[in-house]
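> Take this sequence and fold it.
(one chain, ligands or ions: 1)
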Amino acid sequence: MLQNEIQKHMNDTKEILTKKGIIKNVFDYQGLDTELINIYQHFEKKFQELCQSYADAFHLDNCVFYISNNNSCNAFAAKIENHNIIAITNGYPVLIKDKFDDKFFSNSLFIAFINEKSISEAYCDLHEDQYFKFSEFVLNCSVKYTFSHEFRHILQFNSFDIFKDFLYAENLDKNSFDMKKHAWEFDADRMASFEVIKYTFRIYRNLKNRDNEKLKCMFYIALASIVITKNLFYFGVIDQITQDYTINKQDFYTKRFSHPHPLVRIHNMVEHSYNNIKHDFPELEIDFQQLLNNVLGISRLYFNNLIPGQNAMQNYFEDASRFADDINEYNGELYDFAIKDKSIKRLLKKRGIKL
Ligand SMILES: [Zn+2]
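Reported below is the predicted structural model:
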């Protein structure tokens with residue numbers, strides 16, 4: 001389907017489902033400022049295209065995307081009366097675009113200094129490449145991550161033949177804990193981070209000048225995008241619209257609430273991505289410590305710009321080291337649970353993918 005056909009098809013489906021009462025609270029952005037309309041159109045188009053291309057690739061019918069009326073930053077996946085629904089709130093485009101503004105990445109090139117000569121030169125080459133824009137790439141990776149995570153929930157809902165409605169939202173529900181839900185989040189994060197790796201390689205292939213070092217740098221930046229996205233939630237600043245952010249860190253936990261703790265999730269995705277890169281790109285000779293130093297280094301430079309003077313990443317470093325054993329252990333437990341889960345097991349088998 002052509003781009004405008006996809007949009008028309010999605011918008012028609014959205015309208016029908018709204019009339020049927022399956023989709024509620026659709027956000028109407030017509031009538032807002034031109035700047036806002038542009039932002040909403042941009043994100044809606046992006047998500048609609050992703051939704052259609054994934055639906056085609058996984059042979060799933062009845063997929064629809066919409067923006068729901070809610071000012072906080074959230075995304076969700078639902079299966080209602082056999083319709084596969086992915087949504088973001090109207091807070092999401094504005095808050096995410098704001099957080100990934102160019103100005104917060106102004107000194108991201110400093111990351112080059114912590115590396116050996118060949119890598120630092122690759123960062124500089126990337127910086128000078130007119131076909132590569134750092135902040136835009138980080139934003140696209142973040143969107144790709146969020147979308148793929150939600151789409152994995154759709155696949156999980158569809159992987160067994162129970163005709164039941166589901167809804168998984170991404171904001172933290174503090175009233176519920178369910179090991180199965182945590183395992184589904186763990187699995188969705190793994191697919192999403194893998195999709196970001198694949199996306200990164202596609203962008204890399206379109207560059208004019210390519211070499212292994214550059215690809216390595218791009219993987220570091222892509223993973224930093226996921227880590228930054230998760231940390232925005234971890235530090236409690238994602239929904240804040242003021243420029244004077246107040247850090248309100250999420251205390252560490254394991255078997256509590258609707259989603260695993262951001263530190264657990266970040267560790268899972270960094271480790272999974274490292275294993276995937278090592279397996280799929282052996283020529284890069286990727287080193288775990290180097291990857292971690294770069295990913296966290298980019299994240300630190302970003303947060304020092306976003307929240308000046310508060311050393312936000314110190315929270316991360318302290319808790320990640322204090323709870324290192326618990327994080328490892330819990331991820332191991334989630335892995336064991338996930339590979340025994342019926343829905344995940346069927347998905348993995350169908351695609352021949354290792355979790
Ligand atoms: Zn989720």
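
> list the contacts for the closest residue to residue 262 other than its chain neighbours?
In space, and not counting its chain neighbours, residue 262 is closest to residue 234: 3.7 Å by CB to CB, 6 or more residues apart in numbering. Quick note: C-beta positions are derived from backbone N, CA and C, even for glycine. Taking CB atoms under 8 Å, 6 or more residues apart in numbering, we find residue 234 in contact with 249, 250, 262, 263, 315, 316.

> Find me the pLDDT at residue 234, would you?
The score at residue 234 is 97. That number is its pLDDT.

> distance of it from residue 300?
According to CB to CB, to the nearest Å, residue 234 and residue 300 sit 14 Å apart.

> Please name the spatially closest residue to the closest residue to the ion within the stretch 201-350 of the chain (chain neighbours excluded).
Closest approach between the stretch 201-350 of the chain and the ion, counting by CB to the ion: residue 259, at 6.7 Å. In space, and not counting its chain neighbours, residue 259 is closest to residue 185: 5.2 Å by CB to CB, 6+ apart.

> that's a helix at that neighbour, yeah?
Yes: looking at residue 185 with DSSP: H, G, I helix; E, B strand; the rest coil, it is inside a helix.

> quick revisit: please give the element, helix or strand, for the residue of the stretch 201-350 of the chain closest to the ion.
Assigned by DSSP states H and E, residue 259 falls within no helix or strand.

> Go ahead and confirm it touches residue 186.
No: applying CB atoms under 8 Å as the test, residue 259 and residue 186 come out as separate, 9.6 Å apart.

> Next, the nearest residue to residue 50 once chain neighbours are set aside: secondary structure please.
In space, and not counting its chain neighbours, residue 50 is closest to residue 147: 4.7 Å by CB to CB, 6+ apart. Under three-state DSSP, residue 147 falls in the helix class.

> What separation do you get for the closest residue to residue 110 other than its chain neighbours and residue 53?
In space, and not counting its chain neighbours, residue 110 is closest to residue 301: 5.8 Å by CB to CB, 6+ apart. Applying CB to CB, the value for residue 301 to residue 53 is 33 Å.

> More neighbours: which of those two?
residue 301 (20 against 12; other CB atoms under 10 Å).

> What is the burial count for residue 282?
So residue 282, with other CB under 10 Å, has 9 neighbours.

> Let me know the helix or strand that residue 256 is in.
Secondary structure assignment for residue 256, by DSSP H and E: no helix or strand.

> what's the closest non-adjacent residue to it?
Closest residue in space to residue 256, ignoring its immediate chain neighbours: residue 177 at 5.3 Å, by CB to CB, 6+ apart.

> give the contact list for the one you found.
Taking CB under 8 Å, 6+ apart as the criterion, residue 177 is in contact with 255, 256, 257, 258.

> got it, and residue 245?
Contacts of residue 245 (CB under 8 Å, 6+ apart): 235, 237, 306, 307, 310.

> what are the ranges of the helices in the stretch 151-300 of the chain?
Along the stretch 151-300 of the chain, counting by DSSP state H, counting those that start in this stretch, helices occupy 179-205, 212-234, 262-280, 288-306.

> Pretty sure residue 87 sits against residue 69.
No: judged on CB under 8 Å, residue 87 makes no contact with residue 69 at a distance of 10.1 Å.

> okay, those two: which has more neighbours?
residue 87 (24 against 13).

> ok, the strand or helix carrying the more buried one near the ion or not?
Assessed by DSSP H and E, residue 87 sits inside strand 83-89. No: applying CB under 5 Å from the ion, one finds strand 83-89 out of contact with the ion, separated by at least 11.1 Å.

> Now do the next helix or strand after that strand: distance to the chain's middle.
Helices and strands here follow DSSP H and E; after strand 83-89, the next one along the chain is helix 91-99. Centre-to-centre, helix 91-99 and its host chain are 14 Å apart (CA atoms, centre = their mean, to the nearest Å).

> what's the answer for stretch 321-332, then?
Centroid separation for stretch 321-332 versus its chain: 22 Å, with CA atoms, centre = their mean.

> Residues touching that stretch, excluding its own?
By CB under 8 Å, 6+ apart, the list of residues contacting stretch 321-332 reads 186, 252, 254, 255, 260, 263, 264, 267, 268, 271, 320.

> Can you tell me which of those are classed as buried?
The neighbour count (16 or more other CB atoms under 10 Å) marks 186, 252, 254, 260, 263, 264, 267, 268, 271, 320 as buried among the contacts of stretch 321-332.

> quick one, domains of this protein?
Per automatic domain parsing, the structural domains of the chain span 1-96, 100-351.

> to the chain's geometric centre, what's the distance from the last one?
So the one you mean is domain 100-351. Centroid displacement of domain 100-351 relative to its chain, using CA atoms, centre = their mean, is 6 Å.

> Start and end of that domain, how far apart?
From its first residue to its last, domain 100-351 covers 34 Å (CA to CA, to the nearest Å).

> Test my guess that the residue nearest to residue 110 contacts residue 112.
No: under the criterion of CB under 8 Å, residue 301 makes no contact with residue 112, lying 10.9 Å away.
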